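Colleague: A predicted structure for the sequence below; I have some questions about it.
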Amino acid sequence: MKFRHIAQLLLVSLTLATCVEAQRRVQPGPWAKSKIPPGWIVHKTKNYEIQSQAGKEKAVRLGKHMDAINMVYRKLFKPDKGGKKQQVIKLFKDKKQYHRYGGPRGSGAYYYRAEREMVCYDTGLWMDDSDANVPTTGKRTKAQKRIDIMKSVTEIDTLGCAAHEGWHQYFSWLVVSYVELPSWLNEGMGDYFYAAKPREKPTRRKPADLGLINKMRLGVIRAALRQDRWVPIPELLQYAKSQYYSNPSVCYAEGWLLCQFLLESDNKKYNKIIPTFIKLVKNDTNMPVVTAKAFKGIDLEKLDQEVIAYSKTLKLPGEAELEAEEAAAKKKAEEEAKAAAKKAAEEAKAAAKKAAAGKAGGADQ
């Protein structure tokens, strides 16, 4: 009897421990108040349920950013249905917790379609920090400043990652049924939204500044062109997902550049391509047909050359200022060298004249 009693107590203890562990475990999807795990808070906005392990302040900042970006999604790709549904965003406090939950290695965020939730973590870099996108200044050499600029290319921004994956989340809601966009458009638009910066007071007409530089992607574009690894745009448009992901670094970068060029171009025909594409896929999932319709009348070879030319006009944050500083320093050095050469020539001329005068005086004697 004694052993049986002990066994029953152990069973009860194990059951209670299992219940507590289940309660502590982070569950996917929306949470009722009773389901919020210890160490987490829930912050609700107009469009999102932010579940944060990184505290209330960062949850509020993330919610504010995403509400503004959601206005951008809706402005570019208007829904043909009413109503709103608060989408779930999970913000983990660090990379370790993010990976433990299922976050892919090498990523800053991901969208989980089955639960319609977007998951990200605090990378330590937030673009809404006043100095987040300002390269280090002060008494530093030009070489050190250039190193700062190149270092910033590899940094992952928390809000940027959320805006990228938030696009996948919004598109999933927009079309309802499962539609897999071509990767150049799906990931390219994500990277376009990554760099978007909400205005201090977002409005429906102008919720955010768009067309800003995705630093990580521009660096790859430059390397691809130098190393002859550029994928021609006509080929990129036809790439299957497997082809795109077999060369992810270059393809992601080109997808961003193409979307940015089409949306920011002065050519109105180019501006219409992506909105037309998204509108068409709501009713037609035959991507080759949709692609042909969206790019109807567009010379793809010419587009390829225009995109390359456009890439060469883009500058990383701080790069234009540094180049101007280097040009000014070079000009100053050239002017100083020219002045020094002129002075040396004048001194040589004066010395020669003096020497000649001396010889003439000696001859007179």
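Modeller: Right, received. Where do you want to start?
Colleague: Please report the distance of the residue nearest the centre of the chain from residue 308.
Modeller: Geometric centre of the chain, nearest residue: residue 194, 3.5 Å, by Cα atoms, centre = their mean. To residue 308, residue 194 is 22 Å away according to Cβ to Cβ, to the nearest Å. From N, CA and C alone the C-beta is placed, and that goes for glycine too.
Colleague: Check which helix or strand the nearest residue to the residue nearest to the centre of the chain once chain neighbours are set aside maps to.
Modeller: Spatial nearest neighbour of residue 194, chain neighbours left out: residue 160 (4.0 Å); criterion: Cβ to Cβ, 6 or more residues apart in numbering. Using DSSP states H and E, the element containing residue 160 is helix 158-175.
Colleague: Same question for residue 307.
Modeller: helix 300-311.
Colleague: Put the alpha carbons of that helix into PDB.
Modeller: The C-alpha coordinates for helix 300-311 follow below in PDB (Å, rounded to 0.1, in the frame of the first residue of the first chain):
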ATOM      1  CA  LEU A 300      12.900  42.900 -71.100                       C
ATOM      2  CA  GLU A 301      16.500  43.200 -72.500                       C
ATOM      3  CA  LYS A 302      16.200  47.000 -72.200                       C
ATOM      4  CA  LEU A 303      14.800  46.700 -68.700                       C
ATOM      5  CA  ASP A 304      17.800  44.600 -67.700                       C
ATOM      6  CA  GLN A 305      20.200  47.300 -68.800                       C
ATOM      7  CA  GLU A 306      18.100  50.000 -67.100                       C
ATOM      8  CA  VAL A 307      18.100  48.100 -63.800                       C
ATOM      9  CA  ILE A 308      21.900  47.700 -64.000                       C
ATOM     10  CA  ALA A 309      22.400  51.400 -64.800                       C
ATOM     11  CA  TYR A 310      20.000  52.300 -61.900                       C
ATOM     12  CA  SER A 311      22.000  50.200 -59.400                       C
END
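Colleague: Quick check: buried residues in that helix?
Modeller: Across helix 300-311, burial judged by 16 or more other Cβ atoms under 10 Å covers 303-304, 306-308, 311.
Colleague: closest to residue 232 among those?
Modeller: Of all the buried residues of helix 300-311, residue 304 has the smallest distance to residue 232: 5.3 Å, by Cβ to Cβ.
Colleague: these two touch, right, the closest one and residue 235?
Modeller: No. The criterion here is Cβ atoms under 8 Å, and residue 304 misses it with residue 235 at 9.1 Å.
Colleague: What does the pLDDT read for the residue lying closest to residue 191 once chain neighbours are set aside?
Modeller: Nearest residue to residue 191, sequence neighbours excluded (Cβ to Cβ, 6+ apart): residue 256, at 3.6 Å. Model confidence at residue 256, expressed as pLDDT, equals 98.
Colleague: State the helix or strand in which residue 256 lies.
Modeller: Short version, using DSSP H and E: residue 256 is in helix 248-264.
Colleague: packing partners for that helix?
Modeller: When contacts are defined as 3 or more Cβ pairs under 8 Å, 6 or more residues apart in numbering; DSSP states H and E, helix 248-264 sits against helix 183-194, helix 215-226, helix 233-238, helix 241-246, helix 268-281, helix 300-311.
Colleague: Send me it as CSV with only the CA atoms.
Modeller: What follows is helix 248-264, C-alpha atoms only, in CSV (Å, rounded to 0.1, in the frame of the first residue of the first chain):
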residue,chain,number,x,y,z
PRO,A,248,20.0,33.1,-52.8
SER,A,249,22.4,35.9,-52.1
VAL,A,250,22.4,37.3,-55.7
CYS,A,251,18.7,36.5,-56.4
TYR,A,252,17.4,38.1,-53.3
ALA,A,253,19.4,41.2,-54.1
GLU,A,254,18.2,41.3,-57.7
GLY,A,255,14.6,40.8,-56.6
TRP,A,256,14.8,43.8,-54.3
LEU,A,257,16.5,45.9,-57.0
LEU,A,258,14.0,45.0,-59.6
CYS,A,259,11.0,45.8,-57.4
GLN,A,260,12.6,49.0,-56.2
PHE,A,261,13.3,50.1,-59.8
LEU,A,262,9.8,49.3,-61.1
LEU,A,263,8.1,51.1,-58.3
GLU,A,264,10.4,54.1,-58.0
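Colleague: Next, the buried residues of it.
Modeller: Neighbour-count burial for helix 248-264 [16+ other Cβ under 10 Å]: 250-263.
Colleague: Next, the angle helix 300-311 makes with that helix.
Modeller: On the basis of axes from the mean of the first three to the mean of the last three Cα atoms, to 10 degrees, helix 248-264 is oriented at 90 degrees to helix 300-311.
Colleague: who's in contact with helix 248-264?
Modeller: Here helix 248-264 makes contact (Cβ atoms under 8 Å, 6 or more residues apart in numbering) with 76, 183-185, 187-189, 191-192, 194, 210-211, 214, 216-218, 220-221, 224, 229-231, 233, 236, 239, 243-245, 270-271, 273-274, 306-307, 310-311.
Colleague: Which of those residues are buried, as a PyMOL select command?
Modeller: Filtering these down to the buried ones (16+ other Cβ under 10 Å) takes a single PyMOL command:
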select buried, resi 76+183+184+185+187+188+189+191+192+194+210+214+216+217+218+220+221+224+230+231+233+236+239+244+270+273+274+306+307+311
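Colleague: can you name the two of the buried residues of helix 300-311 that are farthest apart?
Modeller: The span of the buried residues of helix 300-311, defined through Cβ to Cβ, is set by 303 and 311 at 12.8 Å.
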